[in-house]
Each structure stands twice: as C-alpha cells, then as structure tokens.
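Peer 1: sharing a sequence plus its predicted fold:
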Amino acid sequence: MRFQAAVLRQTRAPLTIETVETDELAPGDVLVRMQAAGLCHTDLEVIEGQLASPVPIILGHEGAGIVERVGADVHLLTAGDHVVLHWNPHCGHCFYCDRDQPILCETYVAQRPKSCGYDGRVLYKTGDGAPVHNLMYLGAFSQYCVVPAQSAIRVPDALPFDVACLIGCGVMTGVGAVTRIAKLHQGETAMVIGCGAVGLSAVQGARLAGAAQIIAVDLSDEKLAIARAVGATHVINPLREDPVAVVQSLTQGRGADAVFEAAGAPVAFRTSVEAVRPGGQVVWLGKVGINDDLSFRWGSLMQEKRIVRSSYGGARPARDFPLLAEHYLNGELRLEELISRRIGLSEINEGFAALKRGEVIRSVILFDS
Ligand SMILES: [Zn+2]
Ligand SMILES: [Zn+2]
C-alpha cells in the first residue's frame, strides 16, 4: 500500500513530501487513515537535531484518524472507529509497568531510539525499498499510520478530528500534570508558566480540578489573553511584573499550592521553585538541552517542596483520552483556542517555522484539505 508522508531526510533540512509504502499488517497492528495531526515541539527537536533519531523518518506524534483495517489479533477496534493515537505503548509486565509507570516501560524505552514499530520492525519503506523510520511508534505526518492496537484509543464520532489530535500529546500532558501528577485539590492556587498547548491545557486542568486561583505566566500578551479565555483568573507578563511577587501577594505570602512549568526555559524552572509554597508541588513539563546544566538558589528548593518532571502527564490513554473527549464535548475543555492554524500536509515546513518563531500555539494538519 502506498501513500504520502512528510519525511525528514536530514536534520536542519526541510521535510519532503514523499510516497512511502507499508507491507501487510502484523496481527497486533492497526492501520489508521489519518485525519489530523498537530505540530509539537518534540518534532521540532528532531528536525533541529536536539533529539537524535535515525533518518529518513516520518515525524508526527499527535494525531487522530479513522481505523482503516485491523490485524488478525485485534479485537477491540474495528474499521471505521475514530481514534486518537498515543505515543506510549508499553508491555504491561516489566519492572516499571508493574509499578504503574508505563512511561518508563523497559521495552518502550529500549525500542524508542530505533524509531520503528513497537515489535522492532521497520514499518515503512520508500519506492526503492529503502527503510523509513517513524517517530515515537507513530509517524502521524502521513496519510496512513501503522500503530500497535494499544496506541489507538477509540473516541466518540462526535469529536472533531482537529481538536481530537491535540488530546494525543499536548492536552494530555498539560491536563494530566494537574489532575494525575499534582492531584490539585478544589480551592487551591495553581500557577502555570508558559502558555503554549501544554500550558494552556494545564490551565484548564486546574479549572477542571476546581482551583480557586489560576495564575498564567507568559511573555506574550496574546497567549495570556487565550489563557484568560480558557480559565486563568490572573495573568502575568514577566516583562512587566515579577511572577513570584504577584503569586505571593495572592496567597498571603505563601506561594502557589502547585506550579506547572511548561516553558522550557531556565528562568521558568527557577521561577517555578521560587513561586511554590512550602510543602507545595512543582511539576516540570518543559525541558532544556539534555546535557545543559541548570542552577537554582538552594533556599528555593528547601521547605519540603516536591518536584516532579513529567513527559506525558501521568497518561493512561485508554482511561484518560475518552474522559478528555467527554470534557470537550460537554464544553468543559476548550480546544479550538489551541489551534492557531489549520494547514495542508504540503505546508508543514512553514508550520514548523511558525512554531519556532513562537507565532502559534498549534498548527494542525488536516489531511483532507
Ligand atoms: Zn508532543
Ligand atoms: Zn513494560
């Protein structure tokens, strides 16, 4: 079977739209006809060479589509099902899976750098038979995607695909950081630093959890306006105000109960630990270069603060994606606000350029446009 995909052939070079092909489906795999895919910073890290991956590779790990065909051993999905893809397939029986930490699954972690199928097979090839890799067991920037059945989560048909795809990475990470990792309580004060897709989702996670005060921080007034629209009660632009001073003034000098870092900047990590109250919870979602050092004022780390770094917001996609879909359909989770542009697959390079310039929250590829 042949189809079009956006392929990265070398780092720091544009993606090329190419014809690729895939063979017969393995018994446990599912073929998904992609409908929408979001452009995430992790894809950009691969393009820029900060996240090492073999090439050529099909990028994209935030996608939604329709099941086209299922392998012989797949019984929970059927052709025509609407699905959101997730990038954390896991074995279910290793040391970490047994400790309810599938994001650390030994098979998942071991296979991931190979950028292939979860069973270790290379799933795609070019017309001349050369292997093509795929990112994070997905490769969503493609008209069709072969995924392990466990990575395709059924969602209601009423959920539009453009918002559905966002649930697969950014929304899950942001909402989950609040509800699954920090377990924020009703009436508490949350602070979110960085109002991209993950941060705006954390703002909404705080609203869903019943936070009394939700303080959003960003250098862009435009993004702060969106944060306010989706639930922030206070917004701070650090170019004009000191976030730590503001959060202390709102909490009798104590600091926020929970702080979520979603900016990926050294100053944001430092602010997160300065702004949290003694005994409070800090969740780091952004990242800096994997070999970079970060420095902190020691006193900012004391007083029983709990600091966690999370990649996927404690995601259990089979549990969480349908719940997030329901929140959207009930009007409790605002996702249109996260989509800055809707583009065709052929516009993907301009989409990444806009993401790098910080102009967009999310550009979403619509495959039928
Ligand atoms: Zn992502
Ligand atoms: Zn495992």
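Peer 2: Yep, it's here. Ligands and ions are numbered 1, 2, ... in the order given.
Peer 1: can you tell me how far Phe3 sits from Ile17?
Peer 2: Distance from Phe3 to Ile17, counting by C-beta to C-beta, to the nearest Å: 11 Å. All C-beta atoms are positioned from the backbone trio N, CA, C, and that covers glycine.
Peer 1: oh sorry, the question was meant for Leu335
Peer 2: Distance from Leu335 to Ile17, by C-beta to C-beta: 27 Å.
Peer 1: which residues in the stretch 1-150 of the chain form strands?
Peer 2: 2-8, 16-22, 29-38, 57-58, 63-70, 82-85, 124-126, 131-134, 144-148 (DSSP state E, counting those that start in this stretch).
Peer 1: do the stretch 251-369 of the chain as well
Peer 2: So, for the stretch 251-369 of the chain - with DSSP E, counting those that start in this stretch - the strands run 256-261, 276-284, 306-309, 339-343, 362-366.
Peer 1: so for ligand 2, which of those sits nearest?
Peer 2: strand 306-309 (19.6 Å; C-beta to the ion).
Peer 1: just checking, what packs against that closest one?
Peer 2: Here strand 306-309 touches strand 276-284, going by 3 or more C-beta pairs under 8 Å, 6 or more residues apart in numbering; DSSP states H and E.
Peer 1: which stretches of the chain have low pLDDT?
Peer 2: Within the chain, the segments meeting pLDDT under 70 span 369.
Peer 1: which one of the strands of the stretch 251-369 of the chain lies closest to Asn291?
Peer 2: For the strands of the stretch 251-369 of the chain, proximity to Asn291 was assessed by C-beta to C-beta; strand 306-309 is nearest, at 15.7 Å.
Peer 1: that closest one pairs with which strands?
Peer 2: Strand 306-309 has the following strand partners under DSSP bridges: strand 276-284 (parallel).
Peer 1: of all the residues in the partner strand, which ones are buried?
Peer 2: Val276, Arg277, Gly280, Gln281, Val282, Val283, Trp284 (16 or more other C-beta atoms under 10 Å).
Peer 1: contacts with ligand 1 among those, please.
Peer 2: Under the cut-off given by C-beta under 5 Å from the ion, ligand 1 has nothing from these close to it.
Peer 1: can I get stretch 159-166 in PDB, CA atoms only?
Peer 2: The C-alpha trace of stretch 159-166 is given here as PDB (Å, rounded to 0.1, in the frame of the first residue of the first chain):
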ATOM      1  CA  LEU A 159     -15.300  14.600  18.500                       C
ATOM      2  CA  PRO A 160     -13.900  16.700  15.600                       C
ATOM      3  CA  PHE A 161     -10.500  15.400  14.400                       C
ATOM      4  CA  ASP A 162      -8.700  18.800  14.500                       C
ATOM      5  CA  VAL A 163      -9.200  19.000  18.300                       C
ATOM      6  CA  ALA A 164      -9.000  15.200  18.800                       C
ATOM      7  CA  CYS A 165      -5.400  15.100  17.700                       C
ATOM      8  CA  LEU A 166      -4.300  17.500  20.400                       C
END
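Peer 1: for that stretch, which outside residues touch it?
Peer 2: Contact partners of stretch 159-166, identified using C-beta atoms under 8 Å, 6 or more residues apart in numbering, comprise 35-38, 62-65, 82, 84, 140, 155, 197, 325, 328-329, 335-336, 338-339, 342, 362, 364, 366.
Peer 1: equivalent analysis for stretch 16-27, please.
Peer 2: With C-beta under 8 Å, 6+ apart as the criterion, stretch 16-27 contacts 1-7, 9, 31, 58, 69-74, 117, 119, 121, 123-127, 132, 142, 144, 146, 345-346, 348.
Peer 1: now Ile66: closest residue in space, sequence neighbours ignored.
Peer 2: Arg33 (5.0 Å; C-beta to C-beta, 6 or more residues apart in numbering).
Peer 1: contacts only, for the one you found.
Peer 2: Arg33 neighbours (C-beta under 8 Å, 6+ apart): Gly65, Ile66, Val67, Glu68, Gln143, Tyr144, Phe367.
Peer 1: what segments of the stretch 51-200 of the chain are helices?
Peer 2: 95-98, 106-111, 161-166, 172-176, 197-208 (DSSP state H, counting those that start in this stretch).
Peer 1: quickly compare those helices and say which is most buried.
Peer 2: helix 197-208 (a mean of 30; mean count of other C-beta atoms under 10 Å).
Peer 1: and it with strand 29-38, angle?
Peer 2: 90 degrees (axes from the mean of the first three to the mean of the last three C-alpha atoms, to 10 degrees).
Peer 1: which is the next helix or strand following helix 197-208?
Peer 2: Per DSSP states H and E, the first helix or strand lying C-terminal to helix 197-208 is strand 213-217.
Peer 1: how far off centre is the following helix or strand past that following strand?
Peer 2: For strand 213-217, the following helix or strand on the C-terminal side (DSSP H and E) is helix 221-230. In this view, helix 221-230 has its centroid 19 Å away from the chain centroid, taken as C-alpha atoms, centre = their mean, to the nearest Å.
Peer 1: likewise stretch 23-42?
Peer 2: That offset, for stretch 23-42, works out to 16 Å (C-alpha atoms, centre = their mean).
Peer 1: just to revisit the earlier point, okay if I get the strands of the stretch 251-369 of the chain as CSV plus distance to Val244?
Peer 2: Shown next, in CSV, are the strands of the stretch 251-369 of the chain (distance: least, C-beta to C-beta, whole Å):
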stretch, distance to Val244
strand 256-261, 10
strand 276-284, 10
strand 306-309, 16
strand 339-343, 29
strand 362-366, 29
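Peer 1: in CSV, list those strands along with distance to ligand 2.
Peer 2: Shown next, in CSV, are the strands of the stretch 251-369 of the chain (distance: least, C-beta to the ion, whole Å):
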stretch, distance to ligand 2
strand 256-261, 27
strand 276-284, 23
strand 306-309, 20
strand 339-343, 34
strand 362-366, 30
